[in-house]
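Colleague: please find the sequence and the predicted model below.
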Amino acid sequence: MSVNAKNRRQFVKNVTAGISFLSLPNLLQAQTGTTVNRKKIVCVGAHPDDPESGCGGTLAMLTNLGHSVTIIYLTTGEAGIPNKSHEEAATIRKQEAINACKILSAKPLFAGQIDGATIADNATLKQLNKLITSEQPDIVFTHWPIDTHKDHQIASLLTIQCWVANAAKFELYFFEVCNGEQTMGFHPTDWVNITDTQATKRNAVFCHTSQDPPGIYNCGHAIMETFRGKEIGVNAAEGFVRMSGKGNGLLKI
């Protein structure tokens, strides 16, 4: 899938000029319950539990403010349950993702790739781009591309290519998971105070019972929330890297 000349020119113009169509801080500064300026948010994760553990607190905050959130799972976690067939694991993990999305008030979508065997080619890029653009997002979250898990890398790279193909018409932010064990070299440009939604995030993560939720937190997520919180002087926070490289710092409601 190629980007036409007009889109390329607009893409370069948008990025080099630092144009922000809609920043995350603007959304978080909205008044609770206001839906007049309701925006659309998409989060692309490699497996069920990745979006929840990476930015579940922020997603919960955005839905609390009246914004629409869709979570696109690149795979259904087929290879994620020992002694289960891919079909059995996919059925279990898909339901866990649906349950988690109910807690976050988000809509789940599944891109149909296979856990552990994800691909980045023109056909899969076209498919993911169709899913993302059908949501007409203002902001998209995805994995940081420098990650030890191949599926995380591919989810990130495909999403970046969708951002390019759409001439950067939506803001793109990267989240972190298991920092130091999976996510590498992550230095946030932006922080979200999730003190008020930390419990909601935890409840969403714990929907993924097949994945040992305490283990997910022991992988470093509890420490990450506390550490990112200390960086901005709050109890708990999530860190993000904005694609433009020009972060907005502390994001306040």
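Modeller: Structure received. Bear in mind the structure is a predicted one, so any value in this text is a computation, not a measurement.
Colleague: bridged to residue 75, which residues?
Modeller: Counting by DSSP bridges, residue 75 forms beta bridges with residue 113.
Colleague: what is the longest helix along the chain packed up against?
Modeller: As assigned by DSSP state H, the longest helix anywhere in the chain is helix 86-104. The elements that helix 86-104 packs onto, with contact taken as 3 or more C-beta pairs under 8 Å, 6 or more residues apart in numbering; DSSP states H and E, are helix 50-64, strand 68-75, strand 107-113, helix 198-205. C-beta coordinates here come from the backbone N, C-alpha and C atoms, glycine included.
Colleague: between it and helix 50-64, how big is the angle?
Modeller: 30 degrees (axes from the mean of the first three to the mean of the last three C-alpha atoms, to 10 degrees).
Colleague: list the buried ones in helix 86-104?
Modeller: 86, 89-90, 92-94, 96-97, 99-101, 103-104 (16 or more other C-beta atoms under 10 Å).
Colleague: with stretch 143-151 instead?
Modeller: Here stretch 143-151 shows 143-145, 147, 149, 151 as buried, counting by 16+ other C-beta under 10 Å.
Colleague: before we move on, the earlier item: got the helices and strands packed on helix 86-104 as TSV, with mean pLDDT columns?
Modeller: Below are the helices and strands packed on helix 86-104 laid out as TSV (pLDDT from 0 to 100):
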stretch	mean pLDDT
helix 50-64	97
strand 68-75	98
strand 107-113	97
helix 198-205	98
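Colleague: reformat the ones you listed as JSON lines; add mean neighbour count and distance to residue 217.
Modeller: JSON lines is the format used below for the helices and strands packed on helix 86-104 (neighbours: other C-beta atoms under 10 Å; distance: least, C-beta to C-beta, whole Å):
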{"stretch": "helix 50-64", "mean neighbour count": "28", "distance to residue 217": "8"}
{"stretch": "strand 68-75", "mean neighbour count": "24", "distance to residue 217": "19"}
{"stretch": "strand 107-113", "mean neighbour count": "18", "distance to residue 217": "22"}
{"stretch": "helix 198-205", "mean neighbour count": "21", "distance to residue 217": "7"}
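Colleague: so which of the ones you listed comes closest to residue 183?
Modeller: Comparison of these against residue 183 by C-beta to C-beta identifies helix 50-64 as nearest, at 8.6 Å.
Colleague: distance from the closest one to the middle of the chain?
Modeller: On the basis of C-alpha atoms, centre = their mean, to the nearest Å, helix 50-64 sits 8 Å off its chain's mean C-alpha point.
Colleague: got the angle for that helix vs helix 198-205?
Modeller: 130 degrees.
Colleague: now the angle between strand 68-75 and helix 50-64, please.
Modeller: Going by the same axes, to 10 degrees, helix 50-64 makes 170 degrees with strand 68-75.
Colleague: using CSV, write out the CA atom coordinates for helix 50-64.
Modeller: What follows is helix 50-64 as a C-alpha-only set of coordinates in CSV (Å, rounded to 0.1, in the frame of the first residue of the first chain):
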residue,chain,number,x,y,z
ASP,A,50,-1.2,-5.7,26.4
PRO,A,51,-3.4,-2.5,26.0
GLU,A,52,-4.8,-3.0,29.5
SER,A,53,-1.4,-3.3,31.1
GLY,A,54,0.2,-0.7,29.0
CYS,A,55,-2.3,2.1,29.1
GLY,A,56,-5.5,0.8,30.8
GLY,A,57,-5.5,3.7,33.3
THR,A,58,-5.4,6.3,30.6
LEU,A,59,-8.1,4.5,28.5
ALA,A,60,-10.3,4.3,31.5
MET,A,61,-9.8,8.0,32.2
LEU,A,62,-10.7,8.9,28.5
THR,A,63,-13.9,6.8,28.6
ASN,A,64,-14.8,8.4,31.9
